[in-house]
Each structure stands twice: as structure tokens, then as C-alpha cells.
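# can't give you the sequence, but here's the structure:
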């Protein structure tokens, strides 16, 4: 038998490589990002059948409208005081980032990763959790720590790897860990912590505890097997876990379409697993908080996992080692249709009559003073290449609970 | 003392620990209702309930990754990877996560986790059911690696592993599950009921991690072995009548270097054997350590006998397996040098 295929009938096969809408030099274009009006998306009961809310994976839950008003079924959960606290957390995170990025440029540390544009996601989510709950974060959720009251000085000492670094100089900057504040050790590996969050939540259920876990992952690393293993286990055992995807549009230089492929949205990945999947305006503090509260309520009531896609935009570079102008238009962040989370919350508080431009300016100055004071204190204990630093003995400590003989020998060889 | 198979010994270790500690949970592929493809977990689900012993999806990454999260919560998971050959999808979770969690969090989180894996060949399992990947674990800081050679040790070592505050890789030579296989595949199978190391005490007891044991005292040459190869070495010594001192390492990391050093200083000769492939195998580490610590006592070069540097073949299993004939030749060569 010969080959009966006819080249004229089929033509040669071609590989599909997704491309972003624009590249450097082009005009930014987000016409493909469909933004529903604030208040439009329904809020199902937490115990509603997941089958009945599949459309939530394709829309965007939004609370704040263009006029700064909180509208729709997801609004009305937070008081003026709580919103002012949220604003203060986001402003603190932004100022912290500015100062630490500057410190990195001054050679005080090796590396830094900022949150510009994504502050609402981690700051608002944290306020929906309770003490004892555990986040399994990536490197861009420091708002979870700030909103949990973790001292800025500790964060800075970690960044500087100085003599007070809680992690003894073992981890790169921003890979914090604070069990007390519900913040699992950030690996630096991508996606590995997602399935661990599911396992932690399974343990909580095995022990008939009341604590829940939250997993975090970026749009790009949803392509890792760990993400899919996490969804399988979450789907099978229905543990109390909230699985967050922070879709900030860019995985270093790779636009989100490379990881998303043909699935429509990242949230839609949850549907095949029967996991309720929601998309939320990640630049809307009120919307993130409302969706987090809803998902956490489901977890707490033993209704199982929820997948949340936070739709946001990474305004800054991926890290201090990255230059986004090489792969996307310089003005793209200005064109991002969901605006800036700090300005949007500020405007909402002004509309509510709880805030003013003057008080905002004053708050900015206060936040800057507080961050600079923390920085001075942290730097008095050393920076990466100057002043107090962790001991060389710390290299050998803590690999095991008890140091085995071969490490004792090596420590002796090192002369420490 | 009752005689038991290595499967029974392993099962008893989990049973004892699940009974003593509510935080011990057991799961893996086919592990729950059925009791595992080698039946190591048979009866545990019925005895301790579905939330303590359960079936997992076919995802080694998921099994180990979830177990890391459970361990971080405070449980003591003892999970099964059905064959050591299947652990590669979980390797990142083992190397970058389980092994480093204590260190990178400065002790805020730890990972008291045991990963059981049937290992080694001799069952016509071909390249995907026969591998011995122990060197891929001993190369990783933060892990402990254990390879028992008999039921008595297997139970005590597994109890120690479950009680250990750090992650332990527990490699069970599957050819030893039912009897002390010595590589003479042409001979009838000996069951553990006919061997004194099939003596397994009921209830709780431990064999400490990091301690080796001398299986045969001798003066002519030290043989360093673990798992199935301990029995192969015993057969080779008997076949050749070489007065070999055979050390069963039991734990590869932490290693009982003191005992190795004392023996080699006495015999002046050393043969290192393992079933895993030769190049960059654990035997290279042993050989280097013996050279570093016993150089002036050595009267002959250290020899290694290992699996050939090829994938594990199916039909040619006995051409591949480093059996008593190959080990015996190495013993004779070493003592004659």
C-alpha cells in the first residue's frame, strides 16, 4: 500500500505560535481584554452548585465603577476604617518597593522584585483570612505580610541578608517566610507551592481543623505540572483551599497567551475539574476582598476548593534584572483598562466622604517616613556587602534537625 | 521470635506508627482499599480509616507535593511511590522542596516525610521497574537515604524513618520482599521463614538511622554493600571462600563512616558493590571516602562492582545484574593483589 495523502488537498502543516497584540514601538492595544461594567456579575450563594456558575470563569467581577462608586452584589462588605487600612497597606507596599528597588540599585542587595500595579491582590486577600490560615505565596505577594502586620524591618533585614535576617542569609531577597503570619517559605522555584497548599489543606481536613490554605501562582507557571497536580488533588479530595492565579499579563518577557493557549481564560482551567472558578478585577481592592471572602467562606464550610484568577497588570519590570522595554510598548501600562489600584481606592474613599486629596498627601508623607525609619533601622544591622551579616556557621546549621557527622567534618574544614 | 516477610515487616512498621501517632498518614497509588501492588499497606485503611490511609491519583508529583504540604502542617506522611523508577516526576518536590524546607525557612517549617519506594531489579521488570536511583538522593543535601536488606532491619529502620524530623527516602529492594535473594537465580527461592533475619519482633522497636552492621566478620577484604547486594556478597564470599568482612550499610546518608574506616584499616582491602549503574554511583562516593580516610592502610586498589552503565534490560537481566560470580571475581582479584 502506498501513501495516499494528497499535498494539494491538505497543504503542509504549520505550527501555531501565539503572539501578543503589540510589540515595542506599537501602540498599546487592550481591545481584546473584555471588561464588563462594575456590578454586573452575579454573586452566587457559596453553596450553589459549581455547574451553575461556570460563566464566572469568563467574566470579571468588579465593584468599583469609573465614578469611584462601589456597586453591585459584591459591594458593601467593608467599612470606611477597613478601606482606609487597606489603602494604607497598598501605599506602604508601593513605597516599600520604591525604597528597596533604590537600595538594590545602590548595591545594598543583589536583587529585588516589586509589585507596582498588583498591590490590591495580596493586600485585600490577606484581610479575608483568619489567624492560623496559611498562604503558599510566590515572590510577588508581600502584601500578605504587610496586611498581616509583619514588621517592615524584618522584611528589609531579609532583603539585606544582614545579621538580623530571619532566614540567616540563606534565601535570595524577597523569598520571605513567616509561619506566625500565615506565610509559607517562598521557594524561588515556580509552582511547587501550589500542590503543597492543597496538601496543607488536606491535612487540616484530616485533623478536623478549621484552618484553610491559599495557594498562589502566576499566569506563566500555570503551565507547570504542579499546577495541574494541584487541581487534580483539589478536585479529588475537596480540601479547604483557595487557589489563586495572578494573571499580570507577563511572565518575564512572555505574554500570557503562551501559557494560556486556547483555554479562553486561566480561570476556565478549573471548570474541567468541577472547581468553581472566578475572575476578579485584581486592581479593585473591594472586588478582590469580596471574592476572597466568598471563596474562603466556601473553604471554611467544607464546600471545597475555589479557583480565582486575579486579572491585573505588572506595571514594573519582572525583577531588578529585567528590562520590559525590550518586549512590550513602554506606554502599555498607561493603557491598561483596569487602572491603578491605589488611585481607584483613594477615589472611592473620597467619593464616600472618608478621604481627601490633602489627607492622601499627608498619608503619603507618613508612609514614606515610616518606611525610611524602618530602612534606617534595618541598615544599622547591615546590608548585603557592608556591616553585620549572618555567620558562616549558619551555612551548615539547619540542613537537618541534628547535624550529621559529614556536615560537622565539613564545617571544621571550613574553619567556622 | 515470629518470622515475617519484608512486606509484613514494612506493613507492621506503618501499623505500629499509625497506632502510636494520629499524625501518621499513609497514601499513594493503589495504597488504600487494595493495600498496594506489593500489599505493603494491606489492611491499614480498614484499621485506621480512609482519612489515614487512602488512594492517590497517578501523580507522583502530586503525592509528594501534597505530602510536603501535610508535613509543613504538622503531619507525618509516609507515602508510597509504586516503583522507584516512577519517582522522577516528583524529583523537584523532593530535591527543591522537601529537602530544603527546614534550611530555607530557618526552621520555621520542616518536612518529617517518608517516601517509600520499591527499588532494584531481579524480577524481570525491565528498565521501568528495576532501577536503583539511590545516588540521586544521596547527592541531595537535606535528605536521608535508607536501604534495608532484611525484614528485621526494615521494620526498625522504617519506624525510625517515620519518627525522624527530616525527609527520609526509604528504598525497599523488591527482590528481597519474600526472601534473602543472593543472586543465584538458578537455585530455588529461599523464604524469609528459613532465615534468621526474618525474625521480626512484634510491636514497636527501632533500628537507628546512620548505623551499619557487620554481616560477616573477616580479615581479608572489606565489602561495602546494601540492600540485595548484601546477600550477593555473602554468597560470593561463601562461593570463593574469601575471608571477607561484609558491612551492610543500611543507611547511605548519614553514612557510618567510622565502621567502614575501622574495617578497612583492619583488612587493608575494599570492594564496593551496588546494583545501580557504575558511573557516578554511590560506590564512587564510598570509594573516595575509603581512599581519603584509609589510604595508608590500603594494600590494593579499591574495586567497584556495579550494574553496567546501560538501561536495565529485560531478557538479559542476569547478564546485567552484578551477581555472585562477578562479585566473587572482584574479591579474588583484590585479595590476590
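Yep, that arrived. Quick caveat, the model's predicted, so the values are computed rather than measured.
# what residues are bridge-paired with residue B:77?
Beta-bridge partners of residue B:77, counted by DSSP bridges, are residue B:25.
# residue 253: neighbour count?
You didn't pick a chain, so chain A it is. Residue A:253 has 13 neighbours, counted by other CB atoms under 10 Å in any protein chain shown. C-betas here are computed from N, CA, C, even on glycine.
# hmm, I had chain B in mind actually
Residue B:253: 24 surrounding residues under other CB under 10 Å.
# likewise residue B:147?
Residue B:147 has 30 nearby residues by other CB under 10 Å.
# read off the pLDDT value for residue 55.
You didn't say which chain, so I picked chain A. Model confidence at residue A:55, given as pLDDT, is 97.
# not quite, I wanted chain B
Residue B:55 carries a pLDDT value of 98.
# grab the nearest non-local neighbour of it.
Distances taken as CB to CB, 6 or more residues apart in numbering or on different chains place residue B:32 nearest to residue B:55, at 3.8 Å, with adjacent residues excluded.
# and the one you found, which of the three is it?
Three-state call for residue B:32 (DSSP: H, G, I helix; E, B strand; the rest coil): coil.
# surely it and residue B:49 touch.
No. If you go by CB atoms under 8 Å, residue B:32 and residue B:49 don't touch, sitting 10.4 Å apart.
# gap between the residue nearest to residue B:55 and residue B:81?
Separation of residue B:32 from residue B:81 (CB to CB, to the nearest Å): 15 Å.
# ok, these two, which is more surrounded?
Set residue B:32 next to residue B:81 and count neighbours by other CB under 10 Å: residue B:81 wins out with 23 against 20.
# residues in contact with residue 209?
Since no chain was named, I'll use chain A. residue A:203 (CB atoms under 8 Å, 6 or more residues apart in numbering or on different chains).
# I was after chain B.
B:144, B:146, B:157, B:160-161, B:164, B:168, B:251, B:254.
# redo that, cut-off 6 Å
For residue B:209, the contact set (CB atoms under 6 Å, 6 or more residues apart in numbering or on different chains) comprises B:144, B:160, B:251.
# residue A:242 now?
Neighbour list for residue A:242: A:214, A:295, A:299, A:306 [criterion: CB under 6 Å, 6+ apart].
# flag the shaky bits of the chain, pLDDT-wise.
In the absence of a named chain, this looks at chain A. Residue ranges of chain A with pLDDT under 70: A:1-7.
# for chain B, see how far away residue A:38 is.
To chain B, residue A:38 is 36 Å away according to CB to the nearest CB, to the nearest Å.
# show me what contacts that residue?
Residue A:38 makes contacts with A:62-65, A:71, as judged by CB under 6 Å, 6+ apart.
# that older thread, could you list which of the contacts of residue B:209 belong to helices?
Judged by DSSP state H, the subset of these located in helices is residue B:160.
# separate out the buried members of the contacts of residue B:209.
Taking 16 or more other CB atoms under 10 Å in any protein chain shown as the criterion, what is buried in the contacts of residue B:209 is B:144, B:160, B:251.
# partners of the last one in the sheet?
Using DSSP bridges, the bridge partners assigned to residue B:251 are residue B:146.
# in this structure it contacts residue B:145, no?
No. Contact criterion CB atoms under 6 Å: residue B:251 and residue B:145 do not qualify, at 7.1 Å.
# can you tell me the closest non-neighbouring residue to whatever residue of chain A ends up closest to chain B?
Ranked by CB to the nearest CB, the top residue of chain A for proximity to chain B is residue A:199, at 2.7 Å. Nearest residue to residue A:199 in three dimensions, chain neighbours excluded: residue B:69, at 2.7 Å (CB to CB, 6+ apart).
# can you count the residues close to residue B:205?
Neighbourhood size, residue B:205 [other CB under 10 Å]: 14.
# in what helix or strand does the residue of chain B found nearest chain A lie?
Among all residues of chain B, residue B:69 sits closest to chain A, at 2.7 Å; criterion: CB to the nearest CB. Using DSSP states H and E, residue B:69 maps to helix B:60-73.
# ok, now how distant is the nearest residue to residue A:260 once chain neighbours are set aside from residue A:196?
Once flanking residues are discounted, residue A:260 sits nearest to residue A:266: 6.0 Å by CB to CB, 6+ apart. Taking CB to CB as the measure, residue A:266 falls 20 Å from residue A:196.
# and the helix or strand where the residue of chain A closest to chain B lies, what other elements does it pack with?
Using DSSP H and E, residue A:199 falls within helix A:192-206. Packed against helix A:192-206, as judged by 3 or more CB pairs under 6 Å, 6 or more residues apart in numbering or on different chains; DSSP states H and E, are the following elements: strand A:134-136, strand A:213-218, helix A:225-237, strand A:241-247, helix B:60-73.
# show me what the top strand by length along chain B is in contact with.
For chain B, the longest strand by residue count, based on DSSP state E, is strand B:270-277. With CB under 6 Å, 6+ apart as the test, strand B:270-277 has contacts from B:120, B:132, B:221-225, B:229, B:264, B:281-283, B:286-287, B:290, B:302-307, B:309, B:327, B:330, B:334.
# mind listing the strands for the chain?
As the question left the chain open, I've gone with chain A. Remark: strands assigned in chain A by DSSP E are A:134-136, A:213-218, A:241-247, A:250-251, A:254-255, A:277-281, A:306-311.
# switch to chain B, please.
Using DSSP E, the strands of chain B run over residues B:24-28, B:53-55, B:76-80, B:114-119, B:144-146, B:168-173, B:213-216, B:221-225, B:244-248, B:251-253, B:270-277, B:303-307.
# just how off-centre is the longest one within its chain?
I take that to be strand B:270-277. Relative to the centre of its chain, strand B:270-277 is centred 14 Å away, using CA atoms, centre = their mean, to the nearest Å.
# show me the contacts for residue 104.
Picked chain A for this. Residues near residue A:104 by CB under 6 Å, 6+ apart: A:112, A:320.
# other chain: chain B
Listed by CB under 6 Å, 6+ apart, the contact set of residue B:104 reads A:170-171, A:185.
# these: which ones sit near chain B?
For chain B, the contacts drawn from these by CB under 6 Å from any CB of the partner chain are A:170-171, A:185.
# highest neighbour count among those residues?
residue A:185 (27 neighbours).
# now residue B:257: closest residue in space, sequence neighbours ignored.
Counting by CB to CB, 6+ apart, residue B:289 is the residue found nearest to residue B:257 once chain neighbours are left out, at 6.1 Å.
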